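# Below is the sequence, then the predicted model.
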There are 4 protein chains.
Amino acid sequence: MGKPSWTERVVSALRVRRFVIRATLAELLGTFLLVTFGNGSVAQVVLSREDKGTFLSINWAYGIGVVIGVYASWGVSGAHLNPAVSLTMAVLGKLRWVYLPCYVMAQMIGAFLSAVCVYIVYYDALVNFDGGTRAVLGVNGTGGIFCTYPQDYLSIGSGVLDQVVGTALLLCGVLALTDAKNNKVTAGMEPLLVGLLVFAIGTSFGFNCGYAINPARDLGPRIFTAMAGWGLEVFRAGNHWWWVPIVGPLIGGLVGGLIYTLMVALHHPEEEDNESVHGSPELQDVKVPEGGVANAAMEDLHSNTIV
Amino acid sequence: MGKPSWTERVVSALRVRRFVIRATLAELLGTFLLVTFGNGSVAQVVLSREDKGTFLSINWAYGIGVVIGVYASWGVSGAHLNPAVSLTMAVLGKLRWVYLPCYVMAQMIGAFLSAVCVYIVYYDALVNFDGGTRAVLGVNGTGGIFCTYPQDYLSIGSGVLDQVVGTALLLCGVLALTDAKNNKVTAGMEPLLVGLLVFAIGTSFGFNCGYAINPARDLGPRIFTAMAGWGLEVFRAGNHWWWVPIVGPLIGGLVGGLIYTLMVALHHPEEEDNESVHGSPELQDVKVPEGGVANAAMEDLHSNTIV
Amino acid sequence: MGKPSWTERVVSALRVRRFVIRATLAELLGTFLLVTFGNGSVAQVVLSREDKGTFLSINWAYGIGVVIGVYASWGVSGAHLNPAVSLTMAVLGKLRWVYLPCYVMAQMIGAFLSAVCVYIVYYDALVNFDGGTRAVLGVNGTGGIFCTYPQDYLSIGSGVLDQVVGTALLLCGVLALTDAKNNKVTAGMEPLLVGLLVFAIGTSFGFNCGYAINPARDLGPRIFTAMAGWGLEVFRAGNHWWWVPIVGPLIGGLVGGLIYTLMVALHHPEEEDNESVHGSPELQDVKVPEGGVANAAMEDLHSNTIV
Amino acid sequence: MGKPSWTERVVSALRVRRFVIRATLAELLGTFLLVTFGNGSVAQVVLSREDKGTFLSINWAYGIGVVIGVYASWGVSGAHLNPAVSLTMAVLGKLRWVYLPCYVMAQMIGAFLSAVCVYIVYYDALVNFDGGTRAVLGVNGTGGIFCTYPQDYLSIGSGVLDQVVGTALLLCGVLALTDAKNNKVTAGMEPLLVGLLVFAIGTSFGFNCGYAINPARDLGPRIFTAMAGWGLEVFRAGNHWWWVPIVGPLIGGLVGGLIYTLMVALHHPEEEDNESVHGSPELQDVKVPEGGVANAAMEDLHSNTIV
């Protein structure tokens, strides 16, 4: 009612009201958090020579990094944090195509900045580890802290397949966890479950090439390492591996989206089926009631399948 | 109102409206996801010679694989993902007997396909591990990636007992977690808790013979390995072990269902008891109110037992 | 309306309507589940010589065993599963004293039966491990699978203190997690958090003497081992250690209950304070609204402390 | 109505009605619980020479210690448990400045008392470990059980940076998890997620200097060790390291608060924007509805961004 205070005027001047800018900032912060926790844990394991962590602690840190990153951006941008997710959502009609470049750019920048953060926090440890001579691979190699490289035995074709499968599992799981017509995850806990999903991918499909399953998470920090002393070897290593964690996830996301849609999402009974006399009794019975907390516990769903 | 678009016509043509087909598809996908995460993690541990995981990471991956598989199918089919669960539910009157063959077949196919997926993703690693000579057991044995084999010390009788106990714990736990008259798990979190239950079984009863506790999870991938290069040794190994993870779980599920029913479920106060003047005060007081979120916290339940 | 069916008559004949019997059965089953998962995991770690688990997997199995055991009995008996909890609840007026002996007896029997279950499932592994010569302690000792023994360095006095502190943390935590006037844990998730609490006690106060913190969990299986081949050494070992995990937890539970009551529970604003004109503004503001889901998020609580 | 009973009179005499005293007691208890679980696990790992735990079990114990500590104090004081959190909340206008000294003092005393508790529970183990000669660092050093010391390679400047980054991640995460305008974490589960956040910081930024990220958690126990036999070496070690985990977190908390505010919190659409004709459609659409359970699942948020 009165005159705005000094604080209010500063806040008002800084406030962004356009959705696309707000979403871009949120995607940037969310991806930054996700990759900072994730790659921070890789740095801790590598630089302590597994004294302060193991592959399992990397799996946990990436999983919970997803949880924190998603909560930081969920209500603003939808928390994609991954170009493969954004592309799939655009194809499924859940993201306007015009926003896609903004989302992807924000994810790239967030992942790049996370590499800067991990680098400066662990700079002393890096120097202590390799004596100042940066190597991508090998016993003193530290390239794997920031982006993924394949095992020696892995062919490029199998690498692409690995990334396709890993990202298909990710998108299939994300769509299941957020499909309100399938089940009602307690509203607000979806990010925790998505984090556990990423944890599970890391424990089951992390051996071949480190489960990037996210082009921004991999390319952003890779570009940083090229600039920060590791050189262009980061693009040459693993038989020019760098493009695989970009192309594989983009394909895999679509594959996962297609599988969940064809196997489950497409067949949910529609609203009209309820009123329709043509709907079979089962169709009407099994439908989870919409609105309100899901009080149709597993029990109810089962008993509904019984005449 | 207008003419349906091209997309709408395709969707409409592909859409399945019969419950039994939708449920079959969902059980197939759910079991596929469960076993893919689970056996993917076994592959990662075995093929990396425990460098990228341990028995504990297998426990986690199987547990969270259950969580994802259940969420992917819960609202459609009830998320059994296990013939032992389906059989017990049929006996308890929670699944129509006529659906049982469809459920079991879907679970078998899903588990079989998951073996295909794990095999192709880890094909290069397999070749690198054993030089191309598939062996079921031994230092280069990889049969255990796909299905379970007993420890050397285990007799067949003890193996059956192990599977009966493990599956009885599973079903007893599942019935407790979904018994709305016992307690109100926050609606929508049941799958997470069932996943933790499977994790706990794996950490406590996984030593003797790898906690199959699921005929489809074990037989489906076993058939695949018989076809894919491991040969009929997969059925002969462990003194013709293969039938134990089928028969044991089917019995164990019923045992677990019986125990929970006799110990707890049977004795819940019925609706009529409330209006009845014959009901003891305790019976009426302790009953958890139905409908709505469980606001009868532990505290309330206790105070109700006090005069 | 018509005549009761055969099934209905059997069910009706078996159904127990008295609260105290239903609660006794539920406590028995819940404690059985808790200790079966817990001691099963100890057996797995000991008998596999840490190949299929570590101390951390025991911590997880005991934590999640609590979760499953609590859900199996929560709505019926309040899920004490521990004489130290039952005693503290009786002192705090949350359990009728007359029920206390029934609860404790049920917990003892449940823990005893769990030892039978773990023993028969792992009988072959036991024989394989020690060649049939049961020893309580030492390199082939297996007494620690069933009940707790102190480290060599531990004096009896320090052992009692350890059990008092561990159980005080348990009860203080349980009272906090179920104190509806302090915070609203999402209704239905309390058992998960109590399980994490037990996990945390095991990771922080499990070294001295294995965190029994539960007289029934320790004494029941100890009696079983005395009968099943380990002999009376189970009572003599550790300078007659056996009474410490009984007395310590009973004292510790009361200490924990006292601490939480004096530090927090006693000072919650009462209902009348709201209407009272004497109540300070803070008292009225900070009170969490009762009824319905807690929509007073952390944020709100903070802002309420600001004028 | 009648005369108050003896119990009621004692309770009434002991009851504290002033908010600031109740909050002080709750902060003291909450911080005590947090650090007792956390440092108890460090003691277990150090004194068992990693036989009963690893760095990962310390991460879990500190994470779940946060969960328990927060639930014990949340509804009373807001559960800061950390001077860096209290300072940031005061700057953000979420804690009255006049309460800040009480909160910080309570946190310091709680952390100090937790060191007493860990010391007496593990006194026998300490003597067994070092033969009675207390050393801060080295192979028999036990100073690290109670407070943090840097790795040899770490410069003071990098140490400050490490603490700033770690605490910035903490505060950024806490603000995201409790920002009701961003997303609706299922009401009541925020403490669990904050615990996972601390776990993630420990797995990713725990190598350099042990992630104190909390001045009270570090200084309180350090003062205790100075008094209890480790001497003033606890202040001299690591090139007079002791002030870094005090100054770093205080700065880092503000940095994290600033980042989340500038990137996300500042830009949430205001209430008035809804009625305003100037608000862009996106602004109105994406806003999460206030009040009631968040039924705006991820799906809805996405679909709202589509015209």
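Sure, I can see it.
# so residue A:269 sits right up against residue B:17, yeah?
Yes: using Cβ atoms under 8 Å, residue A:269 is in contact with residue B:17, at 7.4 Å. Every C-beta, even on glycine, is put in place using the N, C-alpha and C of the backbone.
# so who does residue A:33 touch?
Residues in contact with residue A:33 (Cβ atoms under 8 Å, 6 or more residues apart in numbering or on different chains) are A:65, A:68-69, A:72, A:114, D:169, D:172-173.
# what do you get for residue A:206?
Per Cβ under 8 Å, 6+ apart, neighbours of residue A:206: A:55, A:59, B:44, B:52.
# Helix or strand: which one has the nearest residue to residue A:151 once chain neighbours are set aside?
Once flanking residues are discounted, residue A:151 sits nearest to residue A:208: 6.0 Å by Cβ to Cβ, 6 or more residues apart in numbering or on different chains. Residue A:208 belongs to no helix or strand when elements are defined using DSSP states H and E.
# What about residue A:208, how many residues nearby?
27 (other Cβ atoms under 10 Å in any protein chain shown).
# Surely it and residue B:123 touch.
No: the pair residue A:208 / residue B:123 is not scored as a contact, 10.0 Å apart, by Cβ under 8 Å.
# Give me the common contacts of these two.
Going by Cβ under 8 Å, 6+ apart, residues that sit against residue A:208 and also against residue B:123 are residue A:158.
# So which bits of the helix of greatest length in chain A are buried?
In chain A, with assignment by DSSP state H, the single longest helix is helix A:19-47. For helix A:19-47, the buried set under the neighbour-count rule, 16 or more other Cβ atoms under 10 Å in any protein chain shown, comprises A:19-20, A:22-47.
# average model confidence for it?
For helix A:19-47, the mean pLDDT works out to 97.
# Below-threshold pLDDT in the stretch 201-307 of chain A: ranges please.
Within the stretch 201-307 of chain A, the ranges that satisfy pLDDT under 70 run A:271-307.
# In it, mark out all the strands, start to finish.
Counting by DSSP state E, counting those that start in this stretch, no segments of the stretch 201-307 of chain A form strands.
# follow-up on the earlier one: the helix or strand following the longest helix of chain A near chain D anywhere?
Proceeding N to C from helix A:19-47, the next assigned helix or strand is helix A:55-77, under DSSP H and E. Yes: judged by Cβ under 8 Å from any Cβ of the partner chain, helix A:55-77 comes into contact with chain D at A:56-58, A:60-61, A:64-65, A:67-68, A:71-76.
# Give me every residue in chain A lying close to chain C.
Residues of chain A lying near chain C (Cβ under 8 Å from any Cβ): residue A:186.
# just the helices in chain A please.
With helices called from DSSP H, chain A shows them at A:6-14, A:19-47, A:55-77, A:83-91, A:100-121, A:123-130, A:156-177, A:190-204, A:215-225, A:233-240, A:244-263, A:271-275, A:281-286, A:298-304.
# Just to check, residue A:86 is in contact with residue A:106?
No: counting by Cβ under 8 Å, residue A:86 stays clear of residue A:106, with 9.7 Å between them.
# Could you export the helices of chain A as TSV, including distance to residue D:215?
As requested, the helices of chain A are exported to TSV (distance: least, Cβ to Cβ, whole Å):
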stretch	distance to residue D:215
helix A:6-14	27
helix A:19-47	22
helix A:55-77	23
helix A:83-91	39
helix A:100-121	19
helix A:123-130	22
helix A:156-177	39
helix A:190-204	29
helix A:215-225	32
helix A:233-240	39
helix A:244-263	41
helix A:271-275	56
helix A:281-286	55
helix A:298-304	47
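# before we move on, back to that, quick check, nearest of the contacts of residue A:33 to chain C?
Nearest to chain C among the contacts of residue A:33: residue D:173, at 12.7 Å, using Cβ to the nearest Cβ.
# Chain neighbours aside, what residue packs nearest to the closest one?
residue D:197 (4.3 Å).
# Return the distance of the spatially closest residue to residue A:247 that is not a sequence neighbour relative to chain B.
In space, and not counting its chain neighbours, residue A:247 is closest to residue A:160: 6.7 Å by Cβ to Cβ, 6+ apart. From residue A:160 across to chain B, the span is 11 Å (Cβ to the nearest Cβ, to the nearest Å).
# how deep is residue A:160 tucked in, by neighbour count?
With other Cβ under 10 Å as criterion, residue A:160 counts 19.
# and what of residue A:138?
Each residue near residue A:138 was counted by other Cβ under 10 Å, and the total is 9.
# Then the one 3 residues further on?
By other Cβ under 10 Å, 18 other residues sit near residue A:141.
# how about residue A:210, phi and psi?
The phi and psi torsions at residue A:210 (degrees, to the nearest 10) take the values phi 80, psi 20.
# Enumerate every residue touching the nearest residue to it once chain neighbours are set aside.
Distances taken as Cβ to Cβ, 6+ apart place residue A:148 nearest to residue A:210, at 3.7 Å, with adjacent residues excluded. Applying Cβ under 8 Å, 6+ apart to residue A:148 gives the contacts A:209-212, A:218, A:241, A:245.
# Please list the residues of the stretch 101-250 of chain A that sit near chain D.
A:117, A:120-125, A:127-128, A:178-180, A:185-192.
# Mind doing that once more with 7 Å?
Residues of the stretch 101-250 of chain A found near chain D (Cβ under 7 Å from any Cβ of the partner chain) are A:117, A:120-121, A:123-125, A:128, A:178, A:180, A:186-190.
# Quickly check those residues for the two that are furthest apart.
The span of these, defined through Cβ to Cβ, is set by A:128 and A:180 at 50.5 Å.
# more crowded one of those two?
Looking at residue A:128 and residue A:180 with other Cβ under 10 Å, you find the greater number of neighbours at residue A:180, namely 18 against 15.
# What are the phi and psi values at the more buried one?
Per degrees, to the nearest 10, the backbone of residue A:180 is at phi -70, psi -20.
# how close does it get to residue C:109?
Per Cβ to Cβ, to the nearest Å, residue A:180 is found 45 Å from residue C:109.
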